[in-house]
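J.: all I have is the shape, not the residue letters:
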């Protein structure tokens with residue numbers, strides 16, 4: 001395997017793991033707050049609009065409760 005190919009494979013794996021981790025952390029915050037977006041965003045230390053954007057990007061329904 002070439003070094004460029006290996007680097008791409010590592011990059012893709014890292015991106016996948018980061019997305020999985022982010023998804024898990026967001027879901028935990030939503031579960032702990034009973035699906036309350038405002039409280040979840042405070043728990044995560046991000047703004048509500050940022051949380052909505054992440055929910056859309058990660059394909060998590062914003063009415064998941």
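T.: Good, I have the coordinates. This is a predicted model, so every value here is computed, not measured.

J.: from here on, just use CA atoms for contacts and neighbour counts.
T.: Will do.

J.: what ranges does this protein have for its helices?
T.: Ranges of helices in the chain, per DSSP state H, are 3-32, 37-44, 48-57.

J.: and the first one, what's buried?
T.: Neighbour-count burial for helix 3-32, counted by 16 or more other Cα atoms under 10 Å, picks out 23, 26, 27, 29, 30.

J.: before we move on, the earlier item: reformat the helices of the chain as JSON lines; add distance to residue 63 and mean pLDDT.
T.: Shown next, in JSON lines, are the helices of the chain (distance: least, Cα to Cα, whole Å; pLDDT from 0 to 100):
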{"stretch": "helix 3-32", "distance to residue 63": "10", "mean pLDDT": "81"}
{"stretch": "helix 37-44", "distance to residue 63": "9", "mean pLDDT": "96"}
{"stretch": "helix 48-57", "distance to residue 63": "10", "mean pLDDT": "93"}
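
J.: in contact with residue 23, which residues?
T.: residue 58 (Cα atoms under 8 Å, 6 or more residues apart in numbering).

J.: hmm, residue 34 and residue 63 touching each other?
T.: No - judged on Cα atoms under 8 Å, residue 63 makes no contact with residue 34 at a distance of 10.5 Å.

J.: compare neighbour counts for those two and give me the winner.
T.: More crowded of residue 63 and residue 34, by other Cα atoms under 10 Å: residue 34, with 13 against 8.

J.: so what pLDDT did that one get?
T.: If you check residue 34, the pLDDT there is 94.

J.: one more: residue 59?
T.: For residue 59, the pLDDT comes out at 84.

J.: against residue 40, how distant is residue 13?
T.: Counting by Cα to Cα, to the nearest Å, the gap from residue 13 to residue 40 is 27 Å.
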